[in-house]
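starting from these lines, generate the structure:
(one chain, ligands or ions: 2)
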Amino acid sequence: MRVAVTGGGGFLGSHLCEALLRRGDAVVCLDDLSTGRPENIQSLRKYPAFEFIHTDVSVTADVPGPVDAVAHLASPASPPDYLRLPLQTLAVGSRGTENALELARRAGARFLMASTSEVYGDPLVHPQEESYWGNVNPVGPRSVYDEAKRYAEALSLAYHRTHGVDVGIVRIFNTYGPRMRPHDGRVVSSFIAQALGGEPLTIYGDGKQTRSFCYVSDLIRGLVAMLDSAETGPFNLGNPEEWTVADLAELVLDITGSDSEIQYRELPVDDPARRRPDIGRAGAYLHWHPEVPVAEGVRRTVEWFRGRSGDDTAEEW
Ligand code: NAD
Ligand code: UDP
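Numbers count the residues shown, from 1 in each chain. Ligands and ions are numbered 1, 2, ... in the order given. Sure, this is the predicted structure:
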């Protein structure tokens, strides 16, 4: 297969590119590196079947030659990133998704839409099943991300119904692991960077809010399974292991052996109180289940953060 991966310079995108290259696919990565890491592109260049196109996909997502699948991951994903880039986030969710869908339509390619658990907003149903329509504030600061992804899902299904594009939608829940930027502002990367740097761990609110954390190798297996299937979804992809933010801070302190203090900060506006995926559909249709427990995944991530300039490709899929 020749696969176009938008956002392939980012955390998840670069792991996806590498998983596809390792199994023998050709990969064309489209990225503007607005929130990605140039080191990711650098480490992918050792594969002869890897091509990189530096482009803002909200402007153009053209790829010369045949394309069998398009995986659309381009978007700021960390709250500080999308709050800093509100118009770009809306643009890539709308025009960027349309350009990526047009690429798939013209090429007759499968289209994988990387959506998010944020489509459920601050959920009133727990755990979240795909049939739940969500509780999103359409005018709050987070709406630039949540509504862009909701629109992207709607547009993908409109292309499926109108043009017959072979679309698959996954809703990704909080994922962590090697290649996160240490200062991207997400909770796992922040806590690990703070603990290793001897800085206070910043808990927003009282720390009782929950998230369910999925290790990157598990998530990538799910993305590849969805890409290879003919399913439309949407399917939740995430690890149902649910943690309070305060317990996660303790885990990171424990694994790193750090004596950093805990500092409490104001809870961001519209920060969801609870989040846990129901993954029954991904299990039934894709035979996908996460395997790496949070304690083990955090341990591996800490190891990677400790030797950050070292081998970037030790990951096994
Ligand atoms: P990331 O910020 O590391 O990667 C996103 C990539 O997209 C970056 O390389 C960035 O430069 C690129 N990009 C952004 N706007 C672009 C544009 N207009 N044109 C071209 N490239 C652009 O984030 P990530 O965690 O790897 O997330 C990847 C995708 O998965 C995103 O779509 C995100 O919404 C989704 N997702 C991630 C998570 C998670 O926990 N990591 C959870 C839910 C959904
Ligand atoms: N969070 C925190 N300290 C940080 C970063 C995040 O307490 O330094 C909290 C944040 O308020 C949220 C949870 O951790 O309740 C997960 O945040 P993240 O940004 O990783 O993901 P999202 O909010 O998108 O689920």
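
from memory residue 179 sits against residue 42, does it?
No: in this structure residue 179 lies outside contact range of residue 42 using CB atoms under 8 Å: 12.0 Å. C-betas here are computed from N, CA, C, even on glycine.

neighbour count winner among these two?
Ranked by neighbour count (other CB atoms under 10 Å), residue 179 and residue 42 place residue 179 first, with 23 against 12.

my guess is residue 285 meets residue 230, correct?
No: look at residue 285 against residue 230 with CB under 8 Å: they stay out of range, at 9.9 Å.

more neighbours, those two?
Using other CB under 10 Å, the more surrounded residue of residue 285 and residue 230 is residue 285, with 16 against 9.

near ligand 2, which residues of the chain are found?
Within the chain, the positions adjacent to ligand 2 are 79, 174, 186-187, 190, 202-204, 209, 211, 245, 268, 271 by CB under 6 Å from any ligand atom.

let's see that with 8 Å instead.
77-80, 117-118, 174, 185-191, 194, 201-205, 207, 209, 211, 245, 248-249, 265, 267-268, 271-272, 275 (CB under 8 Å from any ligand atom).

ligand 1 next: which of the residues you listed are close?
Of the residues of the chain next to ligand 2, the ones that also sit near ligand 1 (CB under 8 Å from any ligand atom) are 77-78, 117-118, 174, 186.

I'd like the average pLDDT over stretch 47-60.
For stretch 47-60, mean pLDDT rounds to 98.

can you pull the buried residues of that stretch?
Residues 47, 50-53, 55-58 are the ones in stretch 47-60 that count as buried (16 or more other CB atoms under 10 Å).

mind listing what the residue nearest to residue 102 when sequence neighbours are not counted touches?
Among residues not flanking residue 102 along the chain, residue 61 sits closest, at 7.4 Å (CB to CB, 6 or more residues apart in numbering). Residues counted as contacts of residue 61 (CB atoms under 8 Å, 6 or more residues apart in numbering) are 4, 6, 30, 55, 96, 99-100, 102-103.
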